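Colleague: sequence plus the predicted model coming up.
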Amino acid sequence: MRTIKLTIAYDGAAFHGWQYQPGIPTIQGAINETARKITQEKIVVYGASRTDAGVHALGQVAHFKTHSPLSSLEFQRALNALLPPAIRIVAAEEMGQDFHARWYAQGKTYRYRIYRERVLPPFEHGRALHYPWPLDEARMAEAARLFEGEHDFSSFAASSGSEDDDRDRNMTRVILASEIVRDASGEEIAYVVRGRSFLRYMVRKIVGTLIEVGKGRLAPQDIPKLFELRDRSRSGPTMPPEGLYLVSLEYPDPTDSLAGITAPRSHLANR
């Protein structure tokens, strides 16, 4: 049995997220179906991050097990020939038997695009949040840096739908980098965040909070208070999915596995 790692880019606008759902177009469902046609095996592709409906990816990572003799390059070519054009296999490589795209991921980077010009180009529809109104970007940048470090993100995550489950969930996450950056063209800004793991809707709710800071409805010094309150109703709104991109995943150096080092599962998350 072989393990094939895939690096995947996709436009999520026409899909109901990553995770397979019967009768509904999803990224995982499309790749499962295509890989089964190629191998004639009951392939299940396991992704590192369960991106939501409408969310895009530049560097999603997934893996599957197969008995097929096809090389990694042949898998890449065959999958791209049969998958919808909105899904592309950027790279494919054979990994060790114990590799798991989700369990071994040690870090993730997300980017949320905010288009600032008066008119949104039609080619950006569904690919960026259009916000042409005034924003204090300097205050947003100041507030963004306050998300770095280890915090309880209860105020910045979606409810599970159950108060009991919400109380039992570990809401603490470690953010390694958090910043507002301006595009070289000057037409858009982006929120870029790198962390070990993320809660559902966490990035989109952080962006909503930063926009509230930019509008003057919240101040940068309110961010530590929101962590303490642990009340999602006090932070900003959850922003639409179209601006969010999963940029990349981080994994241990391959030589680490040769030394018997494995990724800790304590870093696993919902997204």
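Modeller: Okay, I see it. Numbers count the residues shown, from 1 in each chain.
Colleague: isn't P237 up against G208?
Modeller: Yes - assessed by CB atoms under 8 Å, P237 is found in contact with G208 at 4.2 Å. Using the backbone N, CA and C atoms, a C-beta is placed for each residue, glycine as well.
Colleague: for the two, indicate the residue with more neighbours.
Modeller: G208 (19 against 12; other CB atoms under 10 Å).
Colleague: pull out the buried residues from whichever strand or helix holds F75.
Modeller: Assigned by DSSP states H and E, F75 belongs to helix 72-82. Residues of helix 72-82 classed as buried: 72, 75-76, 78-79 (neighbour count, 16 or more other CB atoms under 10 Å).
Colleague: swap in stretch 4-24?
Modeller: 4-12, 15-18, 20.
Colleague: again, but for stretch 228-236
Modeller: Counting neighbours by 16+ other CB under 10 Å, one finds that the buried residues in stretch 228-236 are 232, 235-236.
Colleague: between the two ends of that stretch, how far is it?
Modeller: End-to-end span of stretch 228-236 (CA to CA, to the nearest Å): 15 Å.
Colleague: hmm, who's touching it?
Modeller: Stretch 228-236 has contacts (CB atoms under 8 Å, 6 or more residues apart in numbering) with 152, 154-159, 171, 205-212, 218, 226.
Colleague: again with stretch 61-79
Modeller: Contacts of stretch 61-79 (CB under 8 Å, 6+ apart): 1-8, 28, 31, 34-35, 38-39, 41, 43-48, 89, 91-95, 99-101, 105, 249, 251.
Colleague: the same query, at a cut-off of 6 Å, please.
Modeller: The set of residues external to stretch 61-79 that reach it, using CB atoms under 6 Å, 6 or more residues apart in numbering, is 1-7, 34, 38-39, 41, 43, 45-48, 89, 92-94, 101, 249.
Colleague: again with stretch 149-160
Modeller: Residues contacting stretch 149-160 (CB under 6 Å, 6+ apart): 166, 171-174, 199-202, 205-206, 226-227, 229-232, 235.
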